[in-house]
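Chemist: sequence first, then the predicted structure:
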Amino acid sequence: MVRLAYVTLLGIALSGSALGKSGQPNGSPSVQDLKSLSLQQLGEIEVTTQSKEPTEIWNTPAAIYVLSGDDIRRSGVTNLPDALRLVPGVNVGRVSGSRNWAVGIRGFGDQYSKYVLVLIDGRSIYTPLFGGVLWTIDNVMLEDVDRIEVIRGPGGTIWGADATNGVINIITKSSQDTPGNLASAGGGNEDQDTEDFRYGRVGRQWSYRADAFGFVRSPEFHIDGQPGYDWSRLGQVGFRADRKVQANEVTVQGDAYWGKFGDAQSLSTYTPPAAQISYASTNASGGDLLFRERREFNNHSDIYLQAFWAHDHRIGSNFGEDRDTFDLDFMHRLPTFLSQRFSYGLGGRLSPSTVTQVVPTATFNPLKKTDSIYSAFLQDEIRFVPDKVSFTLGSKFEHNNYTGFEYQPSGRVLWTPTETETIWAAISRAVRTPDRVDEDIQVDIFALASPIVFGRLIGNHTLRAERLIAYEGGYRKLVRKDLYLALSAFHNTYYDLIAQDAGTVSVGSVPPFPPSSLLVTFQYINGIRGSTDGVEIAPQWQPTPWCRLKGAYSYLHIDLHDQGTFTDTLTLTSLHGSSPNSQAVLTSQFDITKRFEFDATSRFVGSLPAQKVNAYVTEDARLGWNASKKLSLSIAGRNLLQPHHAEFGISPGPDVSVKRSIYAKLVWRR
């Protein structure tokens, strides 16, 4: 296996340190204990994504799903997007082999996950450059993941703009849960090399850990037989420190990463007028630092304060960007005479960036820009019948530098007839603001040689925010002690979705265009409106202590159409045909003996006509051997039913298919 030297050297240093005293935090069970909990106890786990406050799943008026660290381990996946395939209502597709993934919730999947807000420990990894997420760059060591909380449905009232169709919060373990040393190494035909190292120590008040990890991923299957360009390499180091004294919790954590990724970009030139595909790699580096404090007071009130800084640098064959992000978030919750929990908060974010122009035909205007968001938040939870019926009403009020003032209210009703039964309903408004590509981009594309024709795509500084009005409801129940069922349904109405207009034709005789050439100019406009409807079902059955079955099925119907005089069908076709109408997953976990585990996952994903992807069924399997308390070995096979299959389209083509793969991993703990 190819070795990542800088990660390996640091990992050896970490694993060679002295072993600290172990400890266990108070509160919710750690992920090591989740696999031993009953289905009823799993419903009592506290989640934070829906309200930023610890709340039992039974008392959460939203379509929430918790993917535990043990679920991720037993699935055999090696990255976060593949783990999300296990969540109902979430569609995941490989866009270009190992370079990126298209992740969507309740529709509108694309390679940047534009309609989903993704968080790592409450820190947004959304970039205003293209309004989305780069999954290959934003990574977490899987051994450190405590759980992933997924909210299907808008989360704008709590998290603000761009939490349109859902929120994914990747929550890492407290350093109190990770004492001692850990080292792991793995490899296979796709994930050629993965290495993880961690050292942790627990003291009287503070606990901490340091870790390092890296990976080398090979190209996927190329239909045209060309050498694969879609490889990726990344190394990352990080630390986390936690302090908990009585009702006061403090966390400080940070990361730094370096990566290099294969790429393919179609680039045009003015002289001579031509277009070619560049296979130059993209280089990326960056880091982040986060501080968070949660303090409870004797009057049953508490405060939440979080601040983070992040820096990202990317440079590729088409353009580059350097961006810093400074974010501050404060919330205060307190009881009042009429309500159980009244919350208010303030927030602010500044994100200055500089774009580097690499080729004359692609630029941003202006090259330097500072994105800003200032927000206020109010929410009240009223208990009409104690422990039975509650009503939550709140709104986020924001001002951003793209569309000005925005508001995102929601109303939620929760009824818990019994301790193990929940009925909820909600109405919400959410917005997605334009990004730098929507407003500031200018790209010239050579299209035709005779006559000479160029296409130009330009941004629009008069765009409105995309708006969503969501109606949703759900039901969850522990049918009996070994059977759990969760249902949800939704109707989403969208306005002012951003698309390209039909274009205007002019003579491009002004330099840099060749004389007498034709120029077709396209601009982004608010051109689409419509609705989506769907249902999601997620049962769990544990017939014996050594066997657990988890299922998920989701159905989605999309109905979008022109808004006003919009006539271009490109975006409409893409939105209609880039998310499957139906998908299903069945996961089985078997503890064969105390030392052996066997896990299997069957997946069905419907067709994506806009991406020229057929429906497919595939199977993943994993066999694990816990040789001792210190040493474990596993071997996993993914996409076993066919040599390769397509999951999402790519531009420039031809498309890349995901290969059948095998992966082995050795983990040592002390």
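Modeler: In hand now; what should we look at?
Chemist: I'd assumed Ala465 was in contact with Ile498.
Modeler: No - using CB atoms under 8 Å, Ile498 is not in contact with Ala465; the gap is 9.3 Å. No exception for glycine: its C-beta is placed from N, CA and C like everyone else's.
Chemist: give me the common contacts of the two.
Modeler: Where contact means CB atoms under 8 Å, 6 or more residues apart in numbering, the residues bridging Ile498 and Ala465 through contact with each are Pro434.
Chemist: Gln111 and Trp101, how far apart?
Modeler: Taking CB to CB, to the nearest Å as the criterion, Gln111 is separated from Trp101 by 8 Å.
Chemist: what do you get for Asn526?
Modeler: Taken as CB to CB, the span from Asn526 to Trp101 is 28 Å.
Chemist: which one's more surrounded, these two?
Modeler: For Asn526 versus Trp101, neighbours defined as other CB atoms under 10 Å are more numerous around Trp101 (26 against 21).
Chemist: who does that one bridge with?
Modeler: Residues found in beta-bridge contact with Trp101 (criterion: DSSP bridges) are Arg94.
Chemist: for it, give me its contacts.
Modeler: Applying CB under 8 Å, 6+ apart to Trp101 gives the contacts 81-82, 92-95, 111, 135.
Chemist: export the residues you listed to TSV and append columns for distance to Val658, neighbour count and pLDDT.
Modeler: Compiled in TSV, the contacts of Trp101 are given as follows (distance: CB to CB, whole Å; neighbours: other CB atoms under 10 Å; pLDDT from 0 to 100):
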residue	distance to Val658	neighbour count	pLDDT
Pro81	12	21	93
Asp82	10	18	94
Val92	11	24	94
Gly93	9	26	92
Arg94	5	25	89
Val95	10	25	84
Gln111	14	24	84
Trp135	15	24	88
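Chemist: out of these, the closest to His576 would be?
Modeler: Of all the contacts of Trp101, His576 sits closest to Gly93, with 15.7 Å by CB to CB.
Chemist: show me what contacts that closest one?
Modeler: Taking CB under 8 Å, 6+ apart as the definition of contact, the neighbours of Gly93 are 101-102, 109, 605, 608, 611, 613, 647-648.
Chemist: so which of those residues sit within strands?
Modeler: Where the contacts of Gly93 overlap with strands, as defined by DSSP state E, the overlap consists of 101-102, 605.
Chemist: run through the helices of this protein in chain order.
Modeler: Taking DSSP state H as the criterion, the chain contains helices spanning 5-15, 31-34, 39-43, 69-75, 80-83, 156-159, 436-440, 570-577.
Chemist: okay, which residue is most central for this structure?
Modeler: Residue closest to the average C-alpha location in the chain (CA atoms, centre = their mean): Val118, at 4.1 Å.
Chemist: Ile168 is in contact with that one, correct?
Modeler: Yes - with contact defined as CB under 8 Å, Val118 reaches Ile168; the gap is 4.8 Å.
Chemist: what touches both of these two?
Modeler: The contact sets of Val118 and Ile168 overlap at Val103 (CB under 8 Å, 6+ apart).
Chemist: scan the protein for its longest strand.
Modeler: Ranking each strand of the chain by length (DSSP E) puts strand 518-544 first.
Chemist: adjacent strands (with direction) for that strand?
Modeler: Strand pairing for strand 518-544, determined by DSSP bridges: strand 453-458 (parallel), strand 483-500 (antiparallel), strand 504-507 (antiparallel), strand 547-562 (antiparallel).
Chemist: next, the buried residues of the first one.
Modeler: I take that to be strand 453-458. Across strand 453-458, burial judged by 16 or more other CB atoms under 10 Å covers 453-457.
Chemist: farthest pair in those?
Modeler: Within these, Val453 and Leu457 form the most distant pair, 14.0 Å apart (CB to CB).
Chemist: spit out the contact partners of Gly345.
Modeler: Gly345 makes contacts with 304, 329-332, 375-377, as judged by CB under 8 Å, 6+ apart.
Chemist: right, I mislabeled it, should have said Gly187
Modeler: When contacts are counted by CB under 8 Å, 6+ apart, Gly187 is found next to 1, 193-194, 663-664.
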